[in-house]
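Trainee: sharing a model prediction with you, sequence too.
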Amino acid sequence: MKILVFGDIFAKYGRKLIVDELSDIKAEYKADFVIANGENSANGKGITRKVYNELRSCGIDVITSGNHIWDNKDVYNFIQEEDRMIRPANYPSPCPGRGYEVYRVGKVRVGVVNLSGTTYLNPLDNPFDVADKIYEEIKNICDIIMLDFHAEATSEKIAMGYFVDGRFSGVYGTHTHVQTADNMVLENGTGYITDVGMCGSVDGVIGVDREFIVKKFRAQRPTGKYALAMGKRQINGAVFTFDDTTFKCTNVERIYKIYD
Ligand SMILES: [Fe+2]
Ligand SMILES: [Fe+2]
C-alpha cells in the first residue's frame, strides 16, 4: 500500500500544476491513495467549494487543511457535508467540519487525522492530547492512520512524531511550505517527515511575490494587497509505503519536483 501526500497547494498556480501532473505522479509511485493540504488552494487563502471539487476530481482522495481553513467564507457552505474535507481536529467544538475520518481503500481502512500545532500558531486544544484521544477512538477501526500535523515549529513536529511512534502509521508536517530532508521510519514503525513542503511557485516567498514580502519585512507594517508569485513551479510531497500484512511503514520517500 502506497499513500501519496502533498504539501500546501498554493492558489491557482499550484492547483493547475497538481491537476496537470497528478495522474503521472500517481502512476510513477503506484499510489493507492492521495492526501493533499488545501488550506491555501483558493487564491492563497482558504478553500472554496469549486476549488475543493476541482482538487477532488483530479485524483486527490482527501484534502486536509490548517490555520487558513476559515479564510474564505465559502468553506462554511460545504465543510460539514463533505467527508473528504478535513480541518485540524483541535479547533474548539463550535467549529464546523471534522478533524479526522476513516476511509476504505479496497479492503484497507485508512484513517486520516489533521492537527494544528500551537507553537507560534493559534492557541487551540493541545494537539498531543487530541492525538491521544483520536487514536483511542479509531485504533480498532483502522489498518493505517495518517496524520497531517500542520505546525510551525520543527521541534513540535518532531516531538509529535516520537509521541505517536508505533501508534500512528505515518506522520508528516505541513504549513511551513518548505520541505525538510529528514524522511525516515521511526524506531517503532511510524513513517515520518517534518515538513513535506508546498505545491506552487518556487520563485516567490512560500507562494507570494518576493518583492511584496521583502517590502513587508522591511516596513514592519501592512503594505497592501499581496501578489501571487509566478515563475518556476514545484510539487512537494512524500510517498509512504506500508507492508500489506502488518501495515507498518517500510519507507518514506520525498517528492521534490521542479517544473519550468
Ligand atoms: Fe499553508
Ligand atoms: Fe498554515
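Mentor: Received it, and whenever you're ready, just let me know what you need. Ligands and ions are numbered 1, 2, ... in the order given.

Trainee: just the CA atoms of stretch 209-222, as CSV, please.
Mentor: The C-alpha coordinates for stretch 209-222 follow below in CSV (Å, rounded to 0.1, in the frame of the first residue of the first chain):
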residue,chain,number,x,y,z
ASP,A,209,5.5,37.6,-4.7
ARG,A,210,9.0,38.1,-3.4
GLU,A,211,9.2,41.9,-3.7
PHE,A,212,6.0,42.2,-1.8
ILE,A,213,7.2,40.1,1.1
VAL,A,214,10.7,41.7,1.2
LYS,A,215,8.9,45.1,1.4
LYS,A,216,6.7,43.8,4.2
PHE,A,217,9.6,42.5,6.3
ARG,A,218,11.5,45.8,5.8
ALA,A,219,8.5,48.0,6.6
GLN,A,220,7.2,46.0,9.6
ARG,A,221,3.7,47.4,8.8
PRO,A,222,0.8,46.5,6.5
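
Trainee: tell me how far that stretch lies from the chain's centre.
Mentor: Distance of stretch 209-222 from its chain centroid, counting by Cα atoms, centre = their mean, to the nearest Å, is 26 Å.

Trainee: contacting residues around it?
Mentor: With Cβ atoms under 8 Å, 6 or more residues apart in numbering as the test, stretch 209-222 has contacts from 203-205, 223, 226-229. (Glycine included, C-beta is placed from N, CA and C.)

Trainee: most neighbours out of the residues you listed, which is it?
Mentor: The residue in those with the most neighbours, by other Cβ atoms under 10 Å, is Ala229 (25 neighbours).

Trainee: show me what contacts that one?
Mentor: 13, 200-201, 203-205, 207-210.

Trainee: hang on, the earlier thing: between the contacts of stretch 209-222, which sits nearest ligand 2?
Mentor: Among the contacts of stretch 209-222, Val205 lies closest to ligand 2 (Cβ to the ion), at 14.2 Å.

Trainee: who's the closest one bridged to?
Mentor: In this entry, Val205 is beta-bridged to Val208, by DSSP bridges.

Trainee: the strands in the stretch 151-260 of the chain, which residues?
Mentor: Under the criterion DSSP state E, counting those that start in this stretch, the stretch 151-260 of the chain contains strands at 170-174, 184-185, 191-193, 198-201, 233-242, 249-259.

Trainee: Tyr192 against Ser169, yeah?
Mentor: No - applying Cβ atoms under 8 Å as the test, Tyr192 and Ser169 come out as separate, 10.4 Å apart.

Trainee: re the thing from before, format the contacts of stretch 209-222 as TSV; extra columns: distance to Asn122 and pLDDT.
Mentor: Formatted as TSV, the contacts of stretch 209-222 follow (distance: Cβ to Cβ, whole Å; pLDDT from 0 to 100):
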residue	distance to Asn122	pLDDT
Asp203	29	94
Gly204	24	94
Val205	22	96
Thr223	23	86
Tyr226	21	86
Ala227	26	91
Leu228	24	94
Ala229	25	94
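
Trainee: hey, where'd the helices end up in the stretch 101-250 of the chain?
Mentor: Ranges of helices within the stretch 101-250 of the chain are 127-138, 154-164, 210-219, based on DSSP state H, counting those that start in this stretch.
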